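Engineer: Sequence plus the predicted model coming up.
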Amino acid sequence: AARRAVAAGVRQIDRRRAERDRLVKRYGDPKQRPWIYLIVATGDIYEDIPQAQAAARAGADVIAVIRSTGQSLLDYVPEGATREGFAGTYATQENFRLMRAALDVSSKELGRYVRLTNYASGLCMPEMATLAGLERLDMMLNDSMYGILFRDINPIRTFVDQRFSRQVHARAGIIINTGEDNYLTTADAVEEAHTVTVSQLLNEFFAHEAGLADWQLGLGHAFEINPDVPESFRLELAHALLARELFPDAPLKWMPPTKHMTGDVFRGNLLDGFFNLAGTMTGQGILLVGMMTEAVVTPWLSDRDIALQNVRYVLGAAGGLHEDFVPAPGGFIQQRAHRVLGEAVELLERIGGQSLLTAIAEGTFGIMKRPPDRGKGLDGVARHEADYWNPATEILEAQPAGVRGDVAGAGVTAGRS
C-alpha cells in the first residue's frame, strides 16, 4: 500500500517532467547563453507574479523567488498562498503553482520557455524537492553543505536530506544550483579560492551518486574578489575559466559581486558589467543579474531595469567572446588556475585522510566549524534498523521510466558510498 501511494506521486512528477519537455519544444529555449537569472521576492506572491512577468518581458530567462527569511530553519512547509513574507516569499506548494502558471502565460507570450527557481535547502530539503517536482519547477537551490555551514544544521541530517532531495531532482529533470558563492562572503576570495573548487567537486560527486546528470549541475561560483586587489579581473577570469574547464558539460551558475558593493551606484554598475563580461568570456551557463545596490539596500525596480540593460548590452556586444578567448600559454591566468587546482587537490587529499565530517568540523569551508554531533535537526536523525524499507528510495533508485536518455544512463541506480 505504501509503494502504491508513493508510486502515484512519482508518476505525477514524471508527467510534469514530460510536460516541461513539451513546452520547451513548443516555445524554445533562450537563444543566448548564459541564461539571465533574476530574483523576485516581495513577500507577497500576488505582487511577485506581475513583477516576475515584467522581468521576463525585460529579458529574464529564469525567475528565482527567494524564500522568506528563516524559512530554511522551519521543520515543516507552510501551506497556501502567502502575502506576508520577510525579505522573501514563503515557499509553499500553492505559491509554486501560482507562479508556474503565471510564467507559463509569459512563455506563450514571449515565445520562449521561462524557467522558475526556488530553494530545496534547510530542514525541509526533501519536501521542497518533492513539491518542486509536483509543480514543475525547473531549478532548485540545492547544495550538499550550505545548510551545515550557513544555517548550523546538523551535518549528518544535511547529507541524508541532500541525497534524497537530489534523487527527486534527478527524477523530475530539475537543474540544481549549488552555493559555493556563499563561501566567498565569509572567506577571502583569493586565499580560499581552492575551497570553492573542492566544494564544486564534492557537489558533483554527491550529485552523480544521487543520479543527477551533468546537464543538471548548476555548480556555483562568484565574482567576489576585492576590486582594489591588483589584477583582480584577471584573477576572476582564472577562477571562472577553471570551473568551466573542470565541468565542461555543467551549466555553471555565476554569481555577481556583493561583498564589495559600497552603495556607489556608478562603481557598482561598472563592477556588474565586468562580472557580466567575465561570464560571457568563460562560457558560464546561468548568469545571476547583479544590482548596483546589491547587499546595500533592497533594490528598486528601476535598479533591476538598469541591471538588465547592463546584461543585455554585454551579451549583445560580446555574447560569443568565449569562442575567441584563450589565455596565453603559461601566462598569468593559466598559472593562477594551476595554483588553485593544485591547492584543491592537496585539500582533497587531506580530507581523504581525515574524513569530510572532520574537515567540516575544523572549519575548512567558509571558515565555519560545524561538528557532526551538534546542530539543528539532530533530533531528526536515526540509524536504519536492519529491516528498514523505504518505497520512495526503492523507486527512485530503480531505472526511471519514461525519462530522457540523458538521465536514464546517468547512474540513477548508484549505491550508497
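Structural biologist: Looks like it arrived, so ask away.
Engineer: In terms of pLDDT, where does the residue nearest to the spatial centre of the chain sit?
Structural biologist: Centroid-nearest residue in the chain, with Cα atoms, centre = their mean: Asn177, separated by 1.5 Å. The per-residue pLDDT reported for Asn177 equals 97.
Engineer: next one: Leu201
Structural biologist: Here, the pLDDT recorded for Leu201 equals 97.
Engineer: Return the residues in contact with Tyr46.
Structural biologist: Listed by Cβ atoms under 8 Å, 6 or more residues apart in numbering, the contact set of Tyr46 reads Ala81, Arg83, Leu98. Every residue, glycine included, has its C-beta placed from N, CA and C.
Engineer: Look up the closest residue to the second one, ignoring the ones flanking it.
Structural biologist: For Arg83, the nearest residue in space outside its immediate sequence neighbours is Asp44; the separation is 4.4 Å by Cβ to Cβ, 6 or more residues apart in numbering.
Engineer: isn't the one you found right up against Gly88?
Structural biologist: No. Contact status for Asp44 versus Gly88: not in contact, 10.7 Å apart, counting by Cβ atoms under 8 Å.
Engineer: When these two are compared, which one has more neighbours?
Structural biologist: For Asp44 versus Gly88, the count of surrounding residues by other Cβ atoms under 10 Å is larger for Gly88: 20 against 15.
Engineer: ok, that one touching Ser68?
Structural biologist: Yes. The pair Gly88 / Ser68 is scored as a contact, 4.5 Å apart, by Cβ under 8 Å.
Engineer: which residues do those two both contact?
Structural biologist: Gly43.
Engineer: Distance check, Glu323 against Arg33.
Structural biologist: Between Glu323 and Arg33 the computed distance is 12 Å (Cβ to Cβ, to the nearest Å).
Engineer: between those two, who's got more neighbours?
Structural biologist: Neighbour tally, Glu323 and Arg33, criterion other Cβ under 10 Å: the higher count belongs to Arg33, 20 against 8.
Engineer: which intervals of this protein have sub-threshold pLDDT?
Structural biologist: The chain contains residues with pLDDT under 70 at 399-417.
Engineer: what ranges do the strands span in the stretch 51-200 of the chain?
Structural biologist: With DSSP state E, counting those that start in this stretch applied, the stretch 51-200 of the chain shows strands at 62-65, 115-119, 139-141, 175-177, listed in chain order.
Engineer: what would those look like in TSV with distance to Leu217?
Structural biologist: Converted to TSV, the strands of the stretch 51-200 of the chain look like this (distance: least, Cβ to Cβ, whole Å):
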stretch	distance to Leu217
strand 62-65	15
strand 115-119	15
strand 139-141	11
strand 175-177	7
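Engineer: looking at it, Phe96 is touching Leu131, isn't it?
Structural biologist: Yes. Phe96 is in contact with Leu131 according to Cβ under 8 Å; the separation is 5.9 Å.
Engineer: still on that earlier bit, residues in contact with both of Asp44 and Gly88, list them for me.
Structural biologist: When Cβ under 8 Å, 6+ apart defines a contact, no residue borders Asp44 and Gly88 alike.
Engineer: Which strand or helix spans Ser302?
Structural biologist: Assignment of secondary structure by DSSP states H and E places Ser302 within helix 301-318.
Engineer: Tell me the helices and strands packed up against that helix.
Structural biologist: Packed against helix 301-318, as judged by 3 or more Cβ pairs under 8 Å, 6 or more residues apart in numbering; DSSP states H and E, are the following elements: strand 35-40, helix 45-57, helix 265-281.
Engineer: Out of the ones you listed, indicate the one that is most buried.
Structural biologist: Taking mean count of other Cβ atoms under 10 Å as the contact definition, the stretch among the helices and strands packed on helix 301-318 with the greatest mean neighbour count is strand 35-40, which reaches a mean of 23.
Engineer: In its sheet, which strands sit next to that one, and in what direction?
Structural biologist: Applying DSSP bridges to the sheet, strand 35-40 is found paired with strand 62-65 (parallel), strand 286-288 (parallel).
Engineer: which stretches of the stretch 251-400 of the chain form helices?
Structural biologist: With DSSP state H, counting those that start in this stretch as the criterion, the stretch 251-400 of the chain has helices at 265-281, 301-318, 332-354, 356-361, 391-397.
Engineer: JSON lines for these, including distance to Ser165?
Structural biologist: Below are those laid out as JSON lines (distance: least, Cβ to Cβ, whole Å):
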{"stretch": "helix 265-281", "distance to Ser165": "27"}
{"stretch": "helix 301-318", "distance to Ser165": "30"}
{"stretch": "helix 332-354", "distance to Ser165": "23"}
{"stretch": "helix 356-361", "distance to Ser165": "18"}
{"stretch": "helix 391-397", "distance to Ser165": "11"}
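Engineer: Minimum distance to Arg374: which of those helices has it?
Structural biologist: Between Arg374 and the helices of the stretch 251-400 of the chain, the shortest separation by Cβ to Cβ is 9.2 Å, and it involves helix 356-361.
Engineer: got the buried residues for that closest one?
Structural biologist: Applying a neighbour-count criterion of 16 or more other Cβ atoms under 10 Å, one finds Leu356, Leu357, Ala359, Ile360, Ala361 buried in helix 356-361.
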